[in-house]
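Asker: could you work out the structure for the sequence below:
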Amino acid sequence: MLVAAADLVLSGGGTMNREAGVLGVPAWSVFTGRPPHLDECLAQEGRLRWVRNEEEYAVAKAAGIPALLPRRGPFPGGIAQIVEGIVANLERRERRPIVAGTGAGAGAGAGAGALS
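Answerer: Numbers count the residues shown, from 1 in each chain. Okay, here's the model as predicted:
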């Protein structure tokens with residue numbers, strides 16, 4: 001909730017920066033490791049700015065705090081498309097179909113083993 005109320009997020013952690021990007025709050029990342037693909041996508045959309053050295057900091061500081069952006073989402077395909085992708089990956093790994101409500105743990109508790 002704090003990120004949503006911020007004017008700018010400055011972080012070395014991906015989770016906070018990604019949350020800011022999705023919420024439309026400008027994010028400056030000081031992470032110096034290999035940039036994750038998702039962070040690169042947010043940077044291309046103007047939702048994340050890299051501030052990993054003095055030069056990048058000078059550019060970011062000179063630009064000032066950017067305006068808030070529109071929130072991003074929901075995912076256009078919805079949760080159904082996400083679940084389909086997860087099931088497809090699991091089926092490839094196990095080389096057998098996965099049916100909602102079956103498999104390890106089915107019946108062990110409410111919703112156990114179900115993907116719906």
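Asker: mind listing the helices for this structure?
Answerer: Along the chain, counting by DSSP state H, helices occupy 14-23, 37-44, 54-63, 78-94.
Asker: export those to TSV and tack on mean neighbour count, distance to Leu69 and mean pLDDT?
Answerer: All C-beta atoms are positioned from the backbone trio N, CA, C, and that covers glycine. Shown next, in TSV, are the helices of the chain (neighbours: other CB atoms under 10 Å; distance: least, CB to CB, whole Å; pLDDT from 0 to 100):
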stretch	mean neighbour count	distance to Leu69	mean pLDDT
helix 14-23	20	8	91
helix 37-44	14	10	92
helix 54-63	12	14	95
helix 78-94	11	22	82
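Asker: what's near enough to touch the residue nearest to the spatial centre of the chain?
Answerer: Residue closest to the mean C-alpha point of the chain, counted by CA atoms, centre = their mean, is Arg18 at 5.1 Å. Going by CB atoms under 8 Å, 6 or more residues apart in numbering, Arg18 touches Leu38, Asp39, Leu42.
Asker: do the same with Leu10
Answerer: Applying CB under 8 Å, 6+ apart, the residues contacting Leu10 are Ala27, Trp28, Val30, Val51.
Asker: looking at those residues, state which has the most neighbours.
Answerer: Neighbour tally across the contacts of Leu10 (other CB atoms under 10 Å): the maximum, 27 neighbours, falls on Ala27.
Asker: quick check: the gap between Val25 and Leu48.
Answerer: 10 Å (CB to CB, to the nearest Å).
Asker: likewise Ile79?
Answerer: 25 Å.
Asker: now do Ile86
Answerer: 26 Å.
Asker: ok, Val51 to Pro66 distance?
Answerer: Applying CB to CB, the value for Val51 to Pro66 is 12 Å.
Asker: one more: Glu56?
Answerer: Glu56 is 14 Å from Pro66, by CB to CB.
Asker: try His37
Answerer: From His37 over to Pro66 the distance is 22 Å, taken as CB to CB.
Asker: can you put the helices of the chain in JSON lines and add distance to Pro70?
Answerer: Shown next, in JSON lines, are these (distance: least, CB to CB, whole Å):
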{"stretch": "helix 14-23", "distance to Pro70": "10"}
{"stretch": "helix 37-44", "distance to Pro70": "14"}
{"stretch": "helix 54-63", "distance to Pro70": "19"}
{"stretch": "helix 78-94", "distance to Pro70": "19"}
